[in-house]
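Participant: using only what follows, build the 3D model:
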Amino acid sequence: MNWASWTTLGVFAGTGGVRTEEIGVVSGDLTVHTTWTEELAEVAVQYSGASDWFTLAGSPVPCPSEEASRSLHQSVVEAVRAGGGATVPAPHTVE
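Facilitator: Okay, here's the model as predicted:
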């Protein structure tokens with residue numbers, strides 16, 4: 001089975017934070033983590049330094065390759081920085 005993961009620490013969520021499945025909107029200093037297996041990417045966030053992870057709304061998403069998962073991860077990091085109740089970008093917006 002092919003897989004890859006990407007983690008970015010210290011991402012400050014913009015005004016309005018990000019929306020999670022478990023607890024609603026979170027904001028502040030976050031860690032963003034993307035795990036890709038075969039053709040699916042799962043994205044989660046946590047308060048930096050905490051132990052609990054929360055599924056970002058819209059995750060998991062179809063993702064055809066490891067390269068595409070890296071691109072998706074970067075798009076998520078940018079969405080978190082933008083805030084506004086960010087969710088996982090739609091698959092067609094990721095190259």
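
Participant: so where is this structure shaky, pLDDT-wise?
Facilitator: 91-95 (pLDDT under 70).

Participant: again, only using 50
Facilitator: Along the chain, segments meeting pLDDT under 50 span 92-95.

Participant: show me where it has its strands.
Facilitator: 3-12, 18-20, 24-26, 29-37, 40-47, 54-55, 61-62 (DSSP state E).

Participant: who's in contact with the longest one?
Facilitator: For strand 3-12, contacts defined as Cβ atoms under 8 Å, 6 or more residues apart in numbering pick out 28-38, 48, 66, 69-70, 73, 77, 80-81. C-beta coordinates here come from the backbone N, C-alpha and C atoms, glycine included.

Participant: just the buried ones from those residues?
Facilitator: With neighbours counted by 16 or more other Cβ atoms under 10 Å, the contacts of strand 3-12 contain buried members at 30-37, 66, 69-70, 73, 77, 80.

Participant: got the residues you listed as a markdown table, with distance to residue 17 columns?
Facilitator: Formatted as a markdown table, the buried ones among the contacts of strand 3-12 follow (distance: Cβ to Cβ, whole Å):
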| residue | distance to residue 17 |
| --- | --- |
| 30 | 9 |
| 31 | 14 |
| 32 | 13 |
| 33 | 17 |
| 34 | 18 |
| 35 | 22 |
| 36 | 24 |
| 37 | 27 |
| 66 | 29 |
| 69 | 23 |
| 70 | 24 |
| 73 | 18 |
| 77 | 14 |
| 80 | 8 |
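
Participant: spatially central residue in the chain, please.
Facilitator: Centroid check for the chain by Cα atoms, centre = their mean gives residue 43 as the closest residue, at 3.9 Å.

Participant: you'd agree that residue is up against residue 57?
Facilitator: No. When contacts are counted by Cβ atoms under 8 Å, residue 43 is not listed as touching residue 57 (9.3 Å).

Participant: give me the common contacts of the two.
Facilitator: residue 88.
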